[in-house]
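> Quick check, what structure comes out for this input:
(chains A and B)
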Amino acid sequence: MRRRFALPALTIAATAASLLVAVAPAAAHGYISSPPSRQANCASGAVANCGDIVYEPQSVEAPKGSTQCNGGGSRFAVLNDTSKAWPAAAAGQTVTFNWVLTARHSTSTWEYFIGGTLLASFNDGGAQPGATKSHTVSMKGFTGRQTVLARWNVADTNNAFYSCVDLNIGGGSTTTPTTPPTTAPTTAPPTTAPTTAPPASGTWKAGTTYQVGSVVTYNGISYRCRQAHTAIAGWEPPNVPALWQAV
Amino acid sequence: MASRLIRLALLLTLVAGCSAEQPAATPAFNSADVMFLQMALEQIAEGDQVAALTEARATDPALREISTELRTQWHEEDGTFRRWLLGWQQPLTAPDSADAHEGHGALHMLRPTDVTELKTANPFDRTAISLLLGHLGNCVETSRMEQTAGAYPPTRALATTLTTRRQSQIQRLLKLAAAS
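All right, here's what the predicted structure looks like:
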């Protein structure tokens, strides 16, 4: 009886051995855990309906040079979705970004951007990162709600790993409303008192309660309120499409 | 009456004996099952070093609690994985694991230097959280591979459970990371 077991078992194992490469796990690698990146907010459950990224926040890998949060292409495109309610972490002018690494690729550089501005670049000269990785980066005077794009450029491949981190720089911690603007508002968003008003011109003001249809100006552009709310720092009209529509 | 009971017991023993041998004729596992179990055993051995240190040294009680939970679950999972591999007469470690460590495979592993770094890390908690998050991320990838490619239903079912368990721990660790 035991012999009969061993033979077919080995045959099956041998036949299937050729499949080993095909089922090897995807080579995944790293993301920023704090302040939480968009993929970290998806994986932690802070942001819902993110798709498969919740299983592999470390896998946002794409060819180098993209300025998109998903690194370009269609995979994990949810990370580029500016209408999603990404929480913005409160931050000062100096921010320490902490990476989680699931593979230690030899590294050329780590780069941090806001818009087209390079905030910092760290050259590892092809070295392998250690157990953890963190960088302290100056925000170069940027304030209010901003999205920092971080790129981990791998030395020995054409690819980079991308992580976008939403920050409320120089302001209080806040989250954007989660109610989609298409539905009638039932409750006002939380009314956290603003700690710092962003320097900006216009009639928009943190602390003001706006009704649907209210029109404000902000940095020379007019916006119409889409959802009743009390404004707080970080919810400036250009930052929160769920609340304000440019007119 | 007594003899009938004995006869019945004897019969049950015989039936049980036969049925124990029965599935042997149709092994229902494949190489992905074997690889998953071998990798998972290795991941437990590595992860337990970090979890043990974290359980003993972390400042945040929530972090210690996650480490204790991990160690308890890993201990139980380890026993199950070994029983399956032994039952299938498969080795507990991959025969080519030494080669894998030389190549890309090593990139995904916790290294002795990681544990050394953690021992002297300041602040300890942040380094422990990052190491555990990285390691559990790899564990999820391994169990998701089994969910897709494995054949033996109980192993696939356990892999689904493992993904849920590790995801829950990752979620809590991410919240600790975001709050720190």
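
> thought A:L149 was touching A:Y162?
Yes - using C-beta atoms under 8 Å, A:L149 is in contact with A:Y162, at 7.0 Å. Placement of C-beta: from N, CA and C, glycine included.

> in chain A, which spans are strands?
With strands called from DSSP state E, chain A shows them at A:30-34, A:61-63, A:89-91, A:94-101, A:107-114, A:117-123, A:133-138, A:144-154, A:159-169, A:209-210, A:215-218, A:221-225, A:229-230, A:244-246.

> From the contact counts, what lies against the last one?
With contacts taken as 3 or more C-beta pairs under 8 Å, 6 or more residues apart in numbering or on different chains; DSSP states H and E, strand A:244-246 sits against strand A:221-225.

> now do the fourth one
Counting contacts by 3+ C-beta pairs under 8 Å, 6+ apart, strand A:94-101 packs against strand A:30-34, strand A:133-138, strand A:144-154, strand A:159-169, helix B:124-149.

> Just the buried positions in it, please.
Buried residues in strand A:94-101, defined by neighbour count with 16 or more other C-beta atoms under 10 Å in any protein chain shown: A:95, A:97-101.

> Quick test: name the residue nearest the centre of chain B.
Centroid-nearest residue in chain B, with C-alpha atoms, centre = their mean: B:A40, separated by 4.3 Å.

> For that one, list the residues it contacts.
B:77, B:81, B:139, B:142-143, B:162 (C-beta atoms under 8 Å, 6 or more residues apart in numbering or on different chains).

> So it: helix, strand or coil?
With DSSP: H, G, I helix; E, B strand; the rest coil as the basis, B:A40 sits in helix.

> could you dump the buried residues of strand A:94-101 to JSON lines with distance to A:P63?
Listed next are the buried residues of strand A:94-101 as JSON lines, based on distance: C-beta to C-beta, whole Å:
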{"residue": "A:V95", "distance to A:P63": "27"}
{"residue": "A:F97", "distance to A:P63": "22"}
{"residue": "A:N98", "distance to A:P63": "25"}
{"residue": "A:W99", "distance to A:P63": "20"}
{"residue": "A:V100", "distance to A:P63": "22"}
{"residue": "A:L101", "distance to A:P63": "20"}
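
> Reformat those residues as CSV; add pLDDT.
Below are the buried residues of strand A:94-101 laid out as CSV (pLDDT from 0 to 100):
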residue, pLDDT
A:V95, 97
A:F97, 97
A:N98, 97
A:W99, 97
A:V100, 95
A:L101, 93
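
> re the thing from before, please identify which of A:L149 and A:Y162 sits among more neighbours.
Shown here are A:L149 and A:Y162; by other C-beta atoms under 10 Å in any protein chain shown, A:Y162 has more neighbours (27 against 20).

> what ranges of the chain fall below the confidence cut-off?
Picking chain A for this. Applying pLDDT under 70 to chain A flags the ranges A:1-28, A:171-200, A:232-235, A:239-242.

> my bad, the chain I had in mind was chain B
Scanning chain B for pLDDT under 70 picks out the ranges B:1-27, B:96-107.

> Pick the most deeply packed of the strands of chain A.
strand A:30-34 (a mean of 28; mean count of other C-beta atoms under 10 Å in any protein chain shown).

> Next, name the residue at the spatial heart of chain A.
Centre-most residue of chain A, counting by C-alpha atoms, centre = their mean: A:R38, 2.4 Å.

> Show the contacting residues for that one.
If you count contacts by C-beta under 8 Å, 6+ apart, A:R38 has them with A:47, A:69, A:79, A:86, A:163-166.

> re earlier: and of the contacts of B:A40, the nearest to B:V34?
Checking those against B:V34 with C-beta to C-beta, the nearest one is B:F81 at 10.4 Å.

> ok, B:S130 - contacts?
A:33, A:98-101, A:131-132, B:177.

> can you do 7 Å?
A:33, A:98, A:100, A:132 (C-beta atoms under 7 Å, 6 or more residues apart in numbering or on different chains).

> Take the residues you listed and lay them out in JSON lines including distance to B:D114.
Putting the contacts of B:S130 into JSON lines (distance: C-beta to C-beta, whole Å) gives the following:
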{"residue": "A:S33", "distance to B:D114": "16"}
{"residue": "A:N98", "distance to B:D114": "15"}
{"residue": "A:V100", "distance to B:D114": "13"}
{"residue": "A:T132", "distance to B:D114": "9"}
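
> Pull the most distant pair out of these.
A:S33 and A:T132 (9.6 Å).

> which residues are in contact with both of these two?
Contacts common to A:S33 and A:T132, judged by C-beta under 7 Å, 6+ apart, are A:98, B:130.

> just to revisit the earlier point, filter the contacts of B:A40 down to the ones near chain A?
Residues of these in contact with chain A (C-beta under 7 Å from any C-beta of the partner chain): B:T142.

> And the contacts of B:A40, which is closest to B:A51?
B:C139 (11.6 Å).

> how many other residues sit next to the closest one?
B:C139: 26 neighbours (other C-beta under 10 Å).

> show me the contacts for it.
B:43, B:166.

> Tell me how far it lies from B:L85.
According to C-beta to C-beta, to the nearest Å, B:C139 and B:L85 sit 18 Å apart.

> What separation is there between B:L37 and A:V215?
Separation of B:L37 from A:V215 (C-beta to C-beta) stands at 63 Å.

> what's the answer for A:A77, then?
From A:A77 to A:V215 the distance is 32 Å (C-beta to C-beta).

> Stretch A:40-49 near chain B at all?
Yes - judged by C-beta under 7 Å from any C-beta, stretch A:40-49 comes into contact with chain B at A:40, A:43-45.

> nearest to B:E55, of the residues you listed?
The shortest gap between B:E55 and any of the residues of stretch A:40-49 next to chain B belongs to A:S44, at 21.9 Å (C-beta to C-beta).

> which residue sits closest to the closest one, ignoring its sequence neighbours?
B:L174 (3.6 Å; C-beta to C-beta, 6 or more residues apart in numbering or on different chains).

> mind checking the SS state of the one you found?
From three-state DSSP, the assignment for B:L174 is helix.

> ok, it to B:S130 distance?
Where B:S130 is concerned, B:L174 sits at a distance of 11 Å (C-beta to C-beta).

> joint contacts of the two?
Common contacts of B:L174 and B:S130, defined by C-beta under 7 Å, 6+ apart, comprise A:S33.

> Alongside chain A, which residues does chain B contribute?
Counting by C-beta under 7 Å from any C-beta, chain B sits next to chain A at B:21, B:24-25, B:27, B:30-32, B:34-35, B:88-89, B:104, B:107-108, B:114, B:117-118, B:126-127, B:130-131, B:133-134, B:137-138, B:140-142, B:144-145, B:149, B:170-171, B:174-175, B:177-178, B:180.
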